[in-house]
Structure formats: structure tokens, C-alpha cells
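Visitor: When you get a sec, could you give me coordinates for this:
(chains A and B)
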Amino acid sequence: MRALNELNIGEEATVANMRCKSRRLRDLGLVEGTKVKCVLRSPLGDPAAYKIRGAVVAIRREDASQITVEGACHE
Amino acid sequence: MSDDRKVKIVLAGNPNVGKSTIFNCLTGMHQHTGNWAGKTVANAEGIWKTKDDVKVHLIDAPGCYSLEASSPEEEVARDRICDSGSQGVIVVCDGTCLERNLILALQILKHRQDVIICINLMDQVRRKGLEIDIEKLEKLLGVPVITTESSKKEEIREKLGKAVLDLLSEGDKNKAASKPSSEGYDSKLLDTPEVFAARAQSVVEQVVFAPEEKEDITLKIDRALTNPLVGFPIMALMVLIIFWITVQGANYPSDILSKWLFKLEQPLYDGVAALGASKEFCEMIAFGMYRVLAWVVSVMLPPMAIFFPLFTLLEDWGFLPRVAFNLDRCFKCCKACGKQALTMCMGLGCNASAVVGCRIIDSERERLLAMLTNSLVPCNGRFPIMIAVITMFFAAESSWKGAAILTAAILVGVAATFGATKMLSETLLKGTPSSFTLELPAYRKPEIGKVVVRSIFDRTLFVLGRAVAVAAPAGIVIWLLANINAGDASLISKIAETLEPLGAFMGLDGVILTAFILGIPANEIVLPIAMMIYMSQGTLAEVSDLSFFSELLCANGWNGLTAVNVIIFSLMHWPCATTLLSIKKESGSWKWAAVAFAVPLVMGVAICSLTAAMYRFFL
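Guide: As a prediction, this is how the structure comes out:
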């Protein structure tokens, strides 16, 4: 179990638990069981961009740290 | 189906799926589009005449991800989509990420059945090697599904026209059976996001066939643009190149235009005189109003006609969200939203329209931060001042050097934006940053012809029209001030004299301050006013070449410090009248317009006084 923001670029995992209060992320289809892949990181280290249901979405560290993922694997 | 009935169809979908393009294509209107989420900030309604002569009122709802609104924008979208007065909804989906797009479509289908699913961007779907089983999708969703791509206008009109016709005749049948189309929004109809997401996923698993995912070109470009070492330099270089082309390209057409326009002045004078007007009146019209007008047009039109198309190209391509992605950390430090980077970029074109664009920011506090600090990046009305001063004093010999200094000035403006945002978020607008999500859409090939035409007509001519509307009355006022004498001198030079001590303290002079004050309606007229006062003439000086202008300024005591401080003061003084009005309208209060007036002014006065003090101390 890791937090979403701990994924390295290229790693893919499945959301296990959403403690993040943001409705917006859930509207974007980021819910428990969703596969996410970390694809980019901003040059200043934060935010990072994740591939979620075919779209690339940037999420700040504060929000990503509230989301736990499991089964991380590097493709 | 009777023709007298008002047919109302809503166009809905996620942000940035090509809704506006489809809207424009159907209605023949020219709503602006750009490759980033939230470009359509206002609701648009247009008339679409289908092939079968049905007159449809097409309503473009702002893009949204869910019917459970979390911003005022989304509330509007939700109310439009669930409006029982409409006869149908076209849900536009991005075919390249159908799964995410279907979440909204499924929510809408919970509320009404008179829906057409329009899968757009099919050209990109093919390029990605995806295959979508349309028939199966229709069966699973129970509503018609059509596919479109932005470049095939005729096909869009044809397919959607036919689908809407079918929808309307279906609607008539239902009406006979007294089945209402929609009963408005009902949150009870919505399951949790998890349920919709799972359903979308299961649909997509059945209808979309994806090949083994290959590294796409978007990701490759993004790796470079967000690279810790070269990401920022690449972005700065792109800005530099745009300015170089603008500075380099604008000079020659500016000269031609001004020669041509000033030639018309005498005939205008003669024309008005022939009508029997007094000498003063003829002078006011020809040398007051018309000359200011001609000046504004010849100085502004060429750089705008070059800058706007270039900027629109970058915007259409998808560059702006990457700027926001790279800069978000800085905005987070200021407790602001990363999307402020997008409105900041829009400010380079026009601050007033950028203030309206701030609607894309969800949190009210963060939206105010973005609006109040927007005028710290120079707009197109201020570029001419900066370009002229830089060219005369620092880069007469090389346009690269000019572009580099201009880029540096923009970076100062960006830094000032961060400073002011931080200051405001620790004083007037305290709060914690809300969570932030930003979509990074795939890069799209801009349609060059469309970009050029649109940026000229929608942006250049719009901004120019506004400037002209301001310049004409301003020309009359300035002429009056310059020609009405109080004692031994004109009113305008009296004002300049009064302001002289303050100006001198700031490393400027009274004339420059007077020019900025009279330039409140539009910054474009600041330089011409200054020049007019220097020449103590009653009319704007007729000069097309900068070397004469630069001699004049030096003769009036300008030096390197004056030039630097004029550049700083044009970056930071007050927003123009139109921008202030927009801020009042968007925030609903004059109080915020007053703050927006004061913040850059205090910064500008402070910095100019500081550089002037340092100059006096060291030199």
C-alpha cells in the first residue's frame, strides 16, 4: 500500500482507498478500483500528471497523498 | 412536427471535447475555441438551420464532468442540460478517452432519454489505433450514437441534422403518449460516482478495442516541456521567438499604415470645413479626434495582427495547460490555483477578457486572486509603449535584443503576479488552497487557416474596435485640454507641471504621469499624449520615425532610468477602464475593482521610487 503521490513515473497501480474529499477527482472517474498510471511530473516536483480512464490529469501532492494505491508495477 | 414550435437542443459534454467547434460549425457563429478545459466561459445560443429546414435553437452549455455541480459554471451547465423546455441533448464525447466521457453521458441518460451521443475527434481516435464498435454502443446505451471529426464540417452538419430530425419525430410520439422529455435535475436519480464509473468502464470494455499501447507523441513532447532542466528554458524561448517575430514584423507595416492614414487628415479637415464648421471645430475633429485614432490604429494593428495569430496557434495546439502544469507549484506557494497561469497567459492578449476568463477557477477566493492580479502582465495595449521605449533606448540595433528585454519584462510581470497574489492571500483573501485538477489534453494540429482568420477577426479587430471607440472621444478630450489655456499655458501642461515633483521622485516626470492618467481609457494612447505635451503642441505630433521621437525624449530629460521606469510603470500602474469594469461585473463589487486599481499602483510607485533613489545614490 502506497500513497498515489509516491508512484514513480511509468508506474501503474489501482486505487484502494480515497480519503480525498475532492468531489472533482471522483467526477473525473478516480474512484476505488480505478487504474492510475503516473506519467509526468512538473519540473518543480509538484504536481504530477496521471493517466486516469484515458485522460491525463494533473493532481497536487496534497490531494494525491490522500489516495492509497495497491499493486504498483512498472510497465 | 409543426414548424412554428421553438426547437431547443442543448450541446453538452466534458470540457475541451470540441463542443465549441461543433457549435460554430452548426450555427455559423464564431465562438472562440482553444485546446484547454474551460475555454467556453459563457453560455452561447445560436440558430442552426438544418438541411430539412428545421430551425433549432442550439444552446452550448459550459463543459462539465458531472451533473453534481461543484462550481457556478457547472450549475449553469446542469440546469441547461436538465431543462425540461428543451427537446433534446447532444452529448459530445472525446473518442480518445471515451471511458471518462461516458460518466457524464450516463448521468444525463438517467435524467432523459432524448439524447444523441456524438463521438468527436475520430481522427485522433484512428491515429491512436483505437476501434469503437458504434452499433454495440448504441445498443448498450439505448440512444443513437454518431461519430464526427472537427475538420469535416459538412459531415457534422449532415449527421447531426439527421439525428436531430429523428429525435424530434421520436419526441413527438412521446408527447402524444404524454411522456415528458425531462423533469429537471433530480439528485436522487444519481448513483454514486463509483457506480457510474464502473458502468462506463464495463461499456468501454465491450466496445473499445485498443492495440498494445505505444508511446504517443503527446507524451514525448510533454517529457521535454516538463523536463526539470530544459522545460522552463524551452517555454521562455517560445515566448522570446513570438516576441521577436512580433517586433521584427510590425515595424514596416506600421510605417506604411501611419503614412497612409495621416494622408487622410487634410482631406478630412477640408471636408468638415466645407460643411461650414468653425476653424476650432475642424481642428478638433481632424487634429484631435482623427489623429489620435490614426495613431492608435497604426501603432496597434500590426503587432496585434502578428501576435494574436501566433498566440492562438500555441493555444490551439495545447500549450497553455502545460504552462499551468509547470507553474502550479509557484501558484500553490501563493495559495492560489494553477489555472491562474491560464488566465495570466490570456492577459498577454487583453486583461479585460482574461478577467472574464477567470471563471474557469472554481474557488471564489482563488478566482478573485487571479482577477485582481491579472493586469500585472502587460496586455497588447501596453506592448507598443514597452516596445517603443526598448527599441529607442536599449536595442536600436537588434530586434533579438529587443525581444529578449521584452521577455525579461514579461518575466518581471509574472514575478510581480506571484508577489501580489501571495500578498493578497495573506491579507485580504486569506484561505487554504482548494484541491486542484487540470487536464492535459493531447496536442492537436491547429487548423492554420482557421486560426489566422479567427484571431484576426475575433481578437485583433475586437481589441482594435474597443481601442478605437475609446481613442476617438479621448482624442477630443485631449485636444480640448491642450487647447484651452489657463493663464499662460494650456490645461494639460498645467496638470503636467503639478505632477512634476511626484514624477521626478519616481524617476519619471510630470508629463509621463499625466499621459498615464489620461490613458486610463486605453493604454495605447499614453505615448502619443506624452509626445504631444513635450512638443507643447495643441495636437498629437505627426511622427512616424522613432529616431526623431528618441531625440525629442532625450531633449526633455529622458535617460536610461526614465526608460527603465516607464517600462516598469507600464507593467504596474492601474488596469484600463474596461478591465476595471469587468472586475466590478465579475466580482459584483466596486470594492474589488478598487483593490485591483490600488495593488499594481502601489507596487509600481514603490519600485519606481526605489530604482530612482538607487540611481540618485549611486550615480
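Visitor: Which neighbouring residues are in contact with residue 46, exactly?
Guide: Here I'm looking at chain A. A:Asp46 makes contact with A:Arg60, A:Arg61, B:Asp328, B:Arg329, B:Lys332, according to Cβ atoms under 8 Å, 6 or more residues apart in numbering or on different chains. The C-beta positions use only the backbone N, C-alpha and C, and glycine is treated the same way.
Visitor: should've been chain B
Guide: B:Phe23, B:Leu26, B:Thr27, B:Gly28, B:Met29, B:His57, B:Leu58, B:Asp60.
Visitor: Using the three-state scheme, assign the fifth one.
Guide: What it means is B:Met29. coil (DSSP: H, G, I helix; E, B strand; the rest coil).
Visitor: So for it, what's the nearest residue that isn't a sequence neighbour?
Guide: B:Gly46 (4.7 Å; Cβ to Cβ, 6 or more residues apart in numbering or on different chains).
Visitor: Confirm that the one you found sits in a strand.
Guide: Yes. Under three-state DSSP, B:Gly46 sits within a strand.
Visitor: Cross-check the contact I'm expecting between B:Tyr443 and B:Ile217.
Guide: Yes. Using Cβ atoms under 8 Å, B:Tyr443 makes contact with B:Ile217 at a distance of 7.1 Å.
Visitor: between these two, what contacts are shared?
Guide: Between them, B:Tyr443 and B:Ile217 share no contacting residue, judged by Cβ under 8 Å, 6+ apart.
Visitor: Which one's more surrounded, the two?
Guide: For B:Tyr443 and B:Ile217, the more surrounded residue by other Cβ atoms under 10 Å in any protein chain shown is B:Tyr443, and the numbers stand at 20 against 11.
Visitor: tell me the SS of that one?
Guide: Under three-state DSSP, B:Tyr443 comes out as coil.
Visitor: Not counting its neighbours along the chain, what's nearest residue 73?
Guide: Just going to use chain A. Distances taken as Cβ to Cβ, 6+ apart place A:Glu12 nearest to A:Cys73, at 6.2 Å, with adjacent residues excluded.
Visitor: I was after chain B.
Guide: Nearest residue to B:Glu73 in three dimensions, chain neighbours excluded: B:Pro62, at 4.9 Å (Cβ to Cβ, 6+ apart).
Visitor: so which of the contacts of B:Gly46 comes closest to chain A?
Guide: Comparing those against chain A with Cβ to the nearest Cβ places B:Asp60 closest, at 20.2 Å.
Visitor: Next one: that closest one from B:Lys173, what distance?
Guide: 28 Å (Cβ to Cβ, to the nearest Å).
Visitor: swap in B:Tyr534?
Guide: For B:Tyr534, the distance to B:Lys173 - Cβ to Cβ - is 77 Å.
Visitor: quick one: which of these two has more around it?
Guide: Between B:Tyr534 and B:Lys173, B:Tyr534 has the larger neighbour count (other Cβ under 10 Å), namely 22 against 9.
Visitor: can you confirm the residue nearest to A:Cys73 is in a helix?
Guide: No. If the criterion is three-state DSSP, then A:Glu12 is strand and not within a helix.
Visitor: bridging residues for it?
Guide: Beta-bridge pairing for A:Glu12 (DSSP bridges): A:Lys37, A:Cys73.
Visitor: Which single residue of chain A approaches chain B most closely?
Guide: A:Gly54 (3.1 Å).
Visitor: State the pLDDT value of the closest residue to that residue other than its chain neighbours.
Guide: Using Cβ to Cβ, 6+ apart and skipping the chain neighbours, the partner closest in space to A:Gly54 is B:Cys97 (3.1 Å). Reported pLDDT at B:Cys97 in the predicted model: 90.
Visitor: which residues does B:Cys97 contact?
Guide: A:Arg53, A:Gly54, A:Ala55.
Visitor: Check for me that it belongs to a strand.
Guide: No. B:Cys97: not assigned to a strand; according to three-state DSSP it is helix.
Visitor: what stretches of the stretch 101-250 of chain B score poorly on pLDDT?
Guide: Applying pLDDT under 70 to the stretch 101-250 of chain B flags the ranges B:176-183, B:213-215.
Visitor: Show me which residues of it are close to chain A?
Guide: B:103, B:193-194, B:197-198, B:200-201, B:218-219, B:222-223, B:226-229, B:231-232 (Cβ under 8 Å from any Cβ of the partner chain).
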